[in-house]
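Peer 1: Sequence and computational prediction follow.
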Amino acid sequence: MSFEWPDSALFQAIKDFHNAQALINNGSMLRDDAWWKRIERRAPDSHFAAYFKSDQIADYIRYIIQDGTFEIHDFITEDLLAEQAIWRFITSHAANVSSIKGVTSNDHQFGFYFKERQFKKEVVQDVMIRVVDATRFMQHYPWGDIQEPLYIRIEDALCSWNDRLY
């Protein structure tokens, strides 16, 4: 099923599915309604496609088709069957697109199951990360040559163990 920015139970199901997967997938972030609104403002031409198993969302993508390129912005799946279904949806656009482009987490085997893989894989670190253990992070951070005392105050509403002066 494919649609644009809806304000419906279907879109709420996609948001709920995204957050459920974010809890179990490395590198994913929970998105509240304000986050989704920001995405909508920044990419108003986005479309969504979702794959359902037993009346439940098992996969969704957020994408744009522009100038012959199918650009994937979100590709969230719960299993291989769902992923293959979405790839069939994407490849059904072959008459309208000459290339497929997208971003995924480093631990996702994007395109691993293709018979003839003809794509470029590039690792780029350009996203925000969440430090869960601030003490351990700071012990391993390459601080360089610090000449004066350095104090860092962290206020962390989600990880109370980080909430202190270092």
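Peer 2: Looks like it arrived, so ask away.

Peer 1: Okay, strands next: where are they in this structure?
Peer 2: 2-3, 47-53, 56-66, 69-77, 99-102, 153-154, 164-165 (DSSP state E).

Peer 1: Figure out which of those is closest to K15.
Peer 2: Closest approach to K15 among these (C-beta to C-beta): strand 56-66, 9.7 Å. Backbone N, C-alpha and C define where each C-beta goes, glycine included.

Peer 1: before we move on, the earlier item: least confident of the strands of the chain, on average?
Peer 2: Lowest mean pLDDT within these: strand 2-3, a mean of 50.

Peer 1: circling back: please convert the strands of the chain to a markdown table, extending it with distance to F17.
Peer 2: Formatted as a markdown table, the strands of the chain follow (distance: least, C-beta to C-beta, whole Å):
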| stretch | distance to F17 |
| --- | --- |
| strand 2-3 | 14 |
| strand 47-53 | 8 |
| strand 56-66 | 4 |
| strand 69-77 | 7 |
| strand 99-102 | 18 |
| strand 153-154 | 32 |
| strand 164-165 | 36 |
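
Peer 1: Out of these, which is closest to Q21?
Peer 2: Among those, strand 69-77 sits nearest to Q21 (C-beta to C-beta), with 5.1 Å.

Peer 1: Right, I'll leave it there.
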